[in-house]
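Asker: got a predicted structure plus its sequence, pasted below:
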Amino acid sequence: MSTTPTRVFVARLLGLDVFDPLGDRLGRLRDVVVLSRGTQGAPHVVGIVVEVPGKKRVFVPMTRITSIDQTQVICTGLVNLRRFEQRGAETLVVAEMFDRRVTLRDGSGDATIEDIAIDQHRSRDWFVSKLFVRRGHSLSPLSRLRRNETLIIDWADAQQGQKTERQAATQFVANHEDLKPADFAEALQEMSDKRRFEVASELQDERLADVLQELPEDDQVEILSALDLQRAADVLEEMDPDDAADLLGELPSAQAEELLQLMEPEGAEDVRRLLEYDEDTAGGLMTPVPVILPPEATVAEALAHVRREELSPALASSIFIARPPLETPTGRFLGVVHIQQLLRFPPFEALGNLVDKNLEPLSDQAHISEVARTLATYNLNSLPVINDAGRLVGAVTVDDVLDHLLPDDWRAHDGEAPIRKLGGRIG
């Protein structure tokens, strides 16, 4: 193993590319795994967690690392692609040690760990060596003057707090702010229940809502139930209505109703309407807030609407044309304009002239088998859903259907799993 440098700070390693000896990229470093040695000394660094293509996190032992510095990590290329599972005595540096409170042995008070340095010894093994800490509250007048001071200390110069103590998650959230919600959710799933709740509590409502939508239902329920009721209602309001309805459907009816009462009336109304449908119907799958415009709107207006960052690619692929009111359920539904049509006509063209006359809307009572078949037949990303009165009530997207067809635990599943059958017709 390379002998230079022999010390690196973990926070500077996060997100670094991990390469094999031929220069092929294996993935990105997401955490460092250490093993406590109790009173015998500083923790032993046993490996790293690497996010490989497919968003799966795997364990790479330090014995497979041939070079590590602040620009890249190189390993032997022999990597076990089994999903990383933390063992009892192991600790994740970023997920569990950052933000941990320690007591400084010089008597100057408490501090919070913000970074950790690891050193390579002559034995070629790596150990935790230094802590980069921010001094916290102390009863000492001198320490109060130095509150928020940062310093680097030896591992032995700090007494670790109990793992059962409540721990902040400021550093973890800051170090992972660039992660997409699905990747952040993956990181949460590797944590203990205690740490998962602490990290979730640190997230802003909108960010937590995005992450919750990427977690398995059981984890969603656990995290939401750990929040106080008003915070839980605020997070539900930030979720897509169909995802919020799915989550509330997993809660006891009394708890779900209490949360609905705390939500803003407009958002709660959308969710209540979705809860009335059977989950295997178009109404149970749809989102009630697609892009809806009147026939007089222009191509330029439509393009402005589909540019919104919060829209998924599937929802942005179609504009639904209806008479006012434009909130679901709308006035009379007129049809769909596809995004390719917008790109082929001048900005001042009225959308009413571009409606796809051949695409029939789905009934809100249509079975999921019909939804899937129609999407596949016409190679569509989304479909309009209407009620008995011919009013648009929402849209079903291809990702809604896939999410329903895949096993409930598909986000945590490594191997092949059977697709749910559609009324016995597909299998």
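Answerer: Good, I have the coordinates.

Asker: can you give me the end-to-end span of stretch 72-80?
Answerer: Its first and final residues considered, stretch 72-80 spans 20 Å by C-alpha to C-alpha, to the nearest Å.

Asker: got the contact list for that stretch?
Answerer: Residues outside stretch 72-80 that contact it (C-beta atoms under 8 Å, 6 or more residues apart in numbering) are 13, 16-22, 24, 26, 29, 48, 50, 52, 58-60, 64-68. C-beta coordinates here come from the backbone N, C-alpha and C atoms, glycine included.

Asker: in strands only, show me the residues you listed.
Answerer: When the contacts of stretch 72-80 are checked against strands (DSSP state E), the matches are 17-19, 26, 29, 48, 50, 52, 58-60, 65-68.

Asker: type out the ChimeraX command that picks the buried ones from those.
Answerer: The following ChimeraX command selects only the buried members of these, with burial defined by 16 or more other C-beta atoms under 10 Å:
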select :18,19,26,29,48,50,52,58,59,60,65,68
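
Asker: closest to residue 379 among the ones in strands among the contacts of stretch 72-80?
Answerer: residue 52 (31.1 Å; C-beta to C-beta).

Asker: give the contact list for that closest one.
Answerer: By C-beta under 8 Å, 6+ apart, residue 52 lies in contact with 26-27, 58, 79, 81.

Asker: pLDDT weak spots in the stretch 101-250 of the chain?
Answerer: Low-confidence segments of the stretch 101-250 of the chain, defined by pLDDT under 70, span residues 136-147.

Asker: how about 80 then?
Answerer: Within the stretch 101-250 of the chain, the set of residues satisfying pLDDT under 80 comprises 136-148, 161-164, 190.

Asker: so how many other residues sit close to residue 133?
Answerer: Around residue 133 there are 24 other residues, counting by other C-beta atoms under 10 Å.

Asker: so what's the residue sitting nearest the centre point of the chain up against?
Answerer: Averaging the C-alpha coordinates of the chain gives a centre point, and the residue nearest to it by C-alpha atoms, centre = their mean is residue 181 (2.6 Å). By C-beta under 8 Å, 6+ apart, the contact set of residue 181 is 207, 210-211, 213-214.

Asker: now do 10 Å
Answerer: 207-215 (C-beta atoms under 10 Å, 6 or more residues apart in numbering).

Asker: partner strands of the one helix or strand residue 131 maps to and their direction?
Answerer: With elements delineated by DSSP states H and E, residue 131 resides in strand 126-135, which encompasses its position. Strand partners for strand 126-135, identified by DSSP bridges, are recorded as strand 44-52 (antiparallel), strand 109-120 (antiparallel), strand 150-154 (antiparallel).

Asker: send the alpha carbons of the last one over as PDB?
Answerer: Think strand 150-154. In PDB, the C-alpha atoms belonging to strand 150-154 read as follows (Å, rounded to 0.1, in the frame of the first residue of the first chain):
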ATOM      1  CA  THR A 150     -12.600  24.400  16.400                       C
ATOM      2  CA  LEU A 151      -9.500  22.300  17.200                       C
ATOM      3  CA  ILE A 152      -7.800  19.100  16.200                       C
ATOM      4  CA  ILE A 153      -7.200  16.700  19.100                       C
ATOM      5  CA  ASP A 154      -5.900  13.100  19.500                       C
END
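
Asker: and the next element down the chain from that strand?
Answerer: Note on strand 150-154: by DSSP H and E, the next helix or strand toward the C-terminus is strand 158-160.

Asker: now residue 323, nearest residue through space, not along the chain?
Answerer: The spatially closest residue to residue 323, leaving aside those adjacent along the chain, is residue 331, at 3.3 Å (C-beta to C-beta, 6 or more residues apart in numbering).

Asker: enumerate every residue touching that neighbour.
Answerer: When contacts are counted by C-beta under 10 Å, 6+ apart, residue 331 is found next to 292, 294, 322-325, 389-392.

Asker: most neighbours among the residues you listed, which one?
Answerer: For these, neighbours were counted by other C-beta under 10 Å; the highest total belongs to residue 392, with 29 neighbours.

Asker: quick one: pLDDT of it?
Answerer: Taken from the predicted model, the pLDDT recorded for residue 392 is 97.

Asker: which SS state does it fall under?
Answerer: The local conformation at residue 392, judged by DSSP: H, G, I helix; E, B strand; the rest coil, is strand.

Asker: re the thing from before, looking at the strands paired with strand 126-135, which is nearest to residue 169?
Answerer: Here strand 109-120 is closest among these (C-beta to C-beta), at 11.2 Å.

Asker: on that earlier part again, for residue 246, which of the strands paired with strand 126-135 is the nearest?
Answerer: Each of the strands paired with strand 126-135 was checked against residue 246 via C-beta to C-beta, and the shortest separation belongs to strand 44-52, namely 26.7 Å.

Asker: output the closest one as PDB, restricted to C-alpha atoms.
Answerer: Coordinates of the C-alpha atoms in strand 44-52 are reproduced here as PDB (Å, rounded to 0.1, in the frame of the first residue of the first chain):
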ATOM      1  CA  HIS A  44      -9.400   0.100  13.700                       C
ATOM      2  CA  VAL A  45     -10.400   1.100  10.200                       C
ATOM      3  CA  VAL A  46     -11.600  -2.100   8.500                       C
ATOM      4  CA  GLY A  47     -13.000  -0.800   5.200                       C
ATOM      5  CA  ILE A  48     -15.000   1.700   3.100                       C
ATOM      6  CA  VAL A  49     -18.600   1.800   1.800                       C
ATOM      7  CA  VAL A  50     -18.700   2.300  -1.900                       C
ATOM      8  CA  GLU A  51     -21.700   3.200  -4.000                       C
ATOM      9  CA  VAL A  52     -21.400   1.200  -7.200                       C
END
